[in-house]
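Trainee: Predicted model follows, preceded by the sequence.
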Amino acid sequence: MPREIFKAAVREHEFAVQKSPLAQLEGVARQHNINLQWESIQSLVGGDSLWQSCPKVDGDLCPQFLQAATTREDSIQKSAEETIRLLRRR
């Protein structure tokens, strides 16, 4: 049920282009009393660090929004952007 509430809240929210998608997504979760966290895993690929992150909504992992980047922060930001993009599709 929290996933459906979160999905509906993201679809209804007016996201501002000039603000961080991550901060806005976390704000939407707070407004609806949804526990939004980020699961991140670091691995080495050819000697370089690769971070993969996806959201957890009230403890439920959402791997469909998994994104990768060279830093944890960037992978979380990309995952937040992907979460918004996919949830807002109709």
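Mentor: Cool, got the structure.
Trainee: contacts, neighbours, all on C-alpha from now
Mentor: OK.
Trainee: What residues sit buried inside stretch 59-74?
Mentor: Across stretch 59-74, burial judged by 16 or more other CA atoms under 10 Å covers Leu61, Cys62, Phe65, Leu66, Gln67, Ala68, Ala69, Arg72, Asp74.
Trainee: what's the distance between that stretch and the middle of its chain?
Mentor: With CA atoms, centre = their mean, to the nearest Å as the basis, stretch 59-74 stands 7 Å off its chain's centre.
Trainee: With adjacent residues omitted, what lies nearest to the residue nearest the centre of the chain?
Mentor: The residue lying closest to the centre of the chain (CA atoms, centre = their mean) is Ala80, at 3.1 Å. The shortest distance from Ala80 to any residue other than its chain neighbours is 5.2 Å, reached at Leu22 (CA to CA, 6 or more residues apart in numbering).
Trainee: The buried residues of stretch 59-74 in strands, which ones?
Mentor: Leu61, Gln67, Ala68, Ala69 (DSSP state E).
Trainee: Where is the longest helix in this protein?
Mentor: Determined from DSSP state H, the single longest helix within the chain is helix 72-87.
Trainee: Output it in CSV, but only the C-alpha positions, please.
Mentor: Provided in CSV are the C-alpha atoms of helix 72-87 (Å, rounded to 0.1, in the frame of the first residue of the first chain):
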residue,chain,number,x,y,z
ARG,A,72,27.3,7.0,-4.4
GLU,A,73,25.7,10.5,-4.5
ASP,A,74,25.5,10.5,-8.3
SER,A,75,23.9,7.0,-8.4
ILE,A,76,21.3,8.1,-5.9
GLN,A,77,20.6,11.3,-7.8
LYS,A,78,20.2,9.3,-11.0
SER,A,79,18.0,6.8,-9.3
ALA,A,80,15.8,9.6,-8.0
GLU,A,81,15.5,11.0,-11.5
GLU,A,82,14.6,7.6,-12.9
THR,A,83,12.0,7.0,-10.2
ILE,A,84,10.3,10.3,-11.0
ARG,A,85,10.5,9.6,-14.8
LEU,A,86,9.0,6.1,-14.6
LEU,A,87,6.4,6.8,-12.0
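Trainee: Perfect, I'm done here.
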